[in-house]
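**Q** sequence? don't have it. structure:
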């Protein structure tokens, strides 16, 4: 079986590579010739554990190909995935210009029946626009070629994308014909053999499922952050509350960790997009509007604590930052809390020295020379007035407090992910600030 994947960003590259891993013949397409040439040499543009090795393996086995020619990729293909970006527009709604341009190009170049699948996260109703764009181009050519559209949203977590694709909780496919369903069933046959459920449904339901899933997860995060801020007012500890509610199997223990807000390429964009979709239908999603507002406020909580501790005088002070990516195991800084926190510190006249295992180069594109970087976590602590833990990379979990004591000017730690034990911090002579917790003897 042969397929085409248009777009070699995060979703497209992971999708194409993982399908090749199952034995499918995959051609990935992108208009960026420089990027394609690098991919042909197994040089990938993103950090995702295991992906570079898998790309190299499938290139060598000649199951994975890269090209700038959409026309060539469609020759003999049964399925064409659209996996280009859908960035938020000025009003927060998803920008479909790239998706629809790919649809038009498919209409111009297809020569046989094809299932055209939106893999990008797209608003409800996008399949209708994709179908119209393809049909318009076919009519211009005077070509009578049958095709179907389908929706196959991705549910990939950055840092764990390969496992998420190859061992999915579920595969959601929206179709409008039995023919398309048969082809998509054959494409996903290796997953069915391993008992991974595939859920076929109508296309609008599939399109909405992706947004609803991300909106629910974002809601859990904002709920816990709201509870964390209440904990500080009443003297409770959010970690104890988390354990208390997480053992209830109706709630579960995932995505109920308090912190400094969610970021990345999915949650912020998708929450904004579904809010905007509902607004256009005169159905305001009041809960998600609150989720978004809470998240934006939560990104400012840490600097609020910093200001309080230093009596609102941050000018000239030096802050060490551990973690720049929005989460561990990725270099993605889109909508990352670090961006808001560091900007607030710089605006207050402070100096920032930062370290992240993989996101430093990305950070240089964001901050330029406004901040400095260390070669390791301890490098940035020299003469620091405080340490701010922003991303919970594993290497930050067990700091050497004796080294911290020698390097830092002041012994203050702001823990934005609640990964440290306040008692241990206090025993080592440091002042501790977490999210929704306080220093002192903890129970349990």
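**A** Everything's here; your move. On a predicted model such as this, the values are computed, not experimentally measured, just so you know. Residues are numbered from 1 along each chain as shown.
**Q** Pull the residues that contact the lowest-mean-pLDDT helix or strand in the chain.
**A** Ranked by mean pLDDT, DSSP states H and E, the weakest helix or strand in the chain is helix 189-193, scoring a mean of 84. Defining contact as C-beta atoms under 8 Å, 6 or more residues apart in numbering, one finds that helix 189-193 is touched by 22, 23, 168, 171, 185, 198. Every C-beta, even on glycine, is put in place using the N, C-alpha and C of the backbone.
**Q** Ok, stretch 322-331 next?
**A** Looking at what lies outside stretch 322-331 - C-beta under 8 Å, 6+ apart - the contacts are 46-49, 158-160, 262-264, 332-338, 354-356, 358-363, 377, 380, 387-394, 396.
**Q** Got a quick PyMOL command for the buried subset of those residues?
**A** To isolate the buried ones among the contacts of stretch 322-331 in PyMOL, judged by 16 or more other C-beta atoms under 10 Å, type:
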select buried, resi 46+47+48+158+159+160+262+263+264+332+333+334+335+336+337+338+354+355+356+358+359+360+362+363+377+380+387+388+389+390+391+392+393+396
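**Q** And the contacts of helix 189-193, which of them are buried?
**A** 22, 168, 171, 198.
**Q** And the one helix or strand residue 273 maps to, what does it pack against?
**A** Residue 273 belongs to helix 267-280 when elements are defined using DSSP states H and E. Identification of packing neighbours for helix 267-280 by 3 or more C-beta pairs under 8 Å, 6 or more residues apart in numbering; DSSP states H and E yields helix 203-234, helix 286-298.
**Q** in the longest one, what counts as buried?
**A** The one in question is helix 203-234. 203, 206-211, 213-215, 217-229, 231-232.
**Q** which helices and strands sit right next to it?
**A** Right, helix 203-234 is packed against helix 126-141, strand 147-151, strand 171-174, helix 238-246, helix 267-280, helix 286-298 by 3+ C-beta pairs under 8 Å, 6+ apart.
**Q** mind checking how far the second one is from the chain centre?
**A** Shown here is strand 147-151, whose average C-alpha point lies 26 Å from the average C-alpha point of the whole chain (C-alpha atoms, centre = their mean, to the nearest Å).
**Q** For the helix or strand just after it, which helices and strands make contact with it?
**A** Per DSSP H and E, the first helix or strand lying C-terminal to strand 147-151 is helix 161-166. Using 3+ C-beta pairs under 8 Å, 6+ apart, the elements in contact with helix 161-166 are helix 10-21, helix 51-60.
**Q** Centre of the chain to helix 161-166, how far?
**A** 14 Å.
**Q** Which positions in that helix come out as buried?
**A** 161, 162, 164, 165, 166.
**Q** with those in mind, which one is nearest to residue 145?
**A** Closest approach between the buried residues of helix 161-166 and residue 145, by C-beta to C-beta: residue 165, at 30.1 Å.
**Q** what's the distance between the closest one and residue 6?
**A** 17 Å (C-beta to C-beta, to the nearest Å).
**Q** ditto for residue 306
**A** 45 Å.
**Q** cool, and residue 56?
**A** In terms of C-beta to C-beta, residue 56 sits 22 Å off from residue 6.
**Q** the more surrounded of those two?
**A** Applying other C-beta atoms under 10 Å to residue 56 and residue 6 shows that residue 6 carries more neighbours, namely 29 against 16.
**Q** Next up, the contacts around the more buried one.
**A** 12, 28-30, 70, 73, 80-84, 102, 106.
**Q** which of those residues tops the neighbour count?
**A** residue 81 (30 neighbours).
**Q** Distance check, that residue against residue 178.
**A** From residue 81 to residue 178 the distance is 20 Å (C-beta to C-beta).
**Q** ok, now residue 84?
**A** Taken as C-beta to C-beta, the span from residue 84 to residue 178 is 28 Å.
**Q** ok now do residue 241, which residues does it touch?
**A** 227, 231, 436.
**Q** go with 7 Å
**A** 227, 231 (C-beta atoms under 7 Å, 6 or more residues apart in numbering).
**Q** that older thread, point out the one among the helices and strands packed on helix 203-234 that comes closest to residue 418.
**A** Counting by C-beta to C-beta, residue 418 lies closest to helix 238-246 out of the helices and strands packed on helix 203-234; the figure is 6.1 Å.
**Q** what separates the closest one from the chain centre, distance-wise?
**A** Here helix 238-246 is found 25 Å from its chain centre; the criterion is C-alpha atoms, centre = their mean.
**Q** Bridge partners for the nearest residue to residue 209 once chain neighbours are set aside, pull those for me.
**A** Once flanking residues are discounted, residue 209 sits nearest to residue 172: 5.2 Å by C-beta to C-beta, 6 or more residues apart in numbering. Residues in a beta bridge with residue 172, per DSSP bridges, are residue 199.
**Q** Residue 172 and residue 205: what is the separation?
**A** 9 Å.
**Q** cool, residue 394 as well?
**A** 38 Å.
**Q** Double-check residue 218 against residue 269; I have them as touching.
**A** No. Counting by C-beta atoms under 7 Å, residue 218 does not reach residue 269; the two are 10.7 Å apart.
**Q** circling back to that earlier point, can you tell me which of the buried residues of helix 161-166 is nearest residue 140?
**A** residue 165 (36.1 Å).
**Q** ok so, going back, can you give me the offset of the least confident helix or strand of the chain from its chain's centre?
**A** Per C-alpha atoms, centre = their mean, the centroid offset for helix 189-193 relative to its chain is 26 Å.
**Q** All further residue positions should be reported with the first residue as 26.
**A** Got it, the first residue is 26 from now on, which makes the last one we talked about helix 214-218.
**Q** hang on, the earlier thing: angle of the helix holding residue 298 against helix 311-323?
**A** 140 degrees (axes from the mean of the first three to the mean of the last three C-alpha atoms, to 10 degrees).
**Q** in helix 292-305, what's buried?
**A** Buried-residue list, helix 292-305, by 16+ other C-beta under 10 Å: 292, 293, 294, 295, 296, 297, 298, 299, 300, 301, 302, 303.
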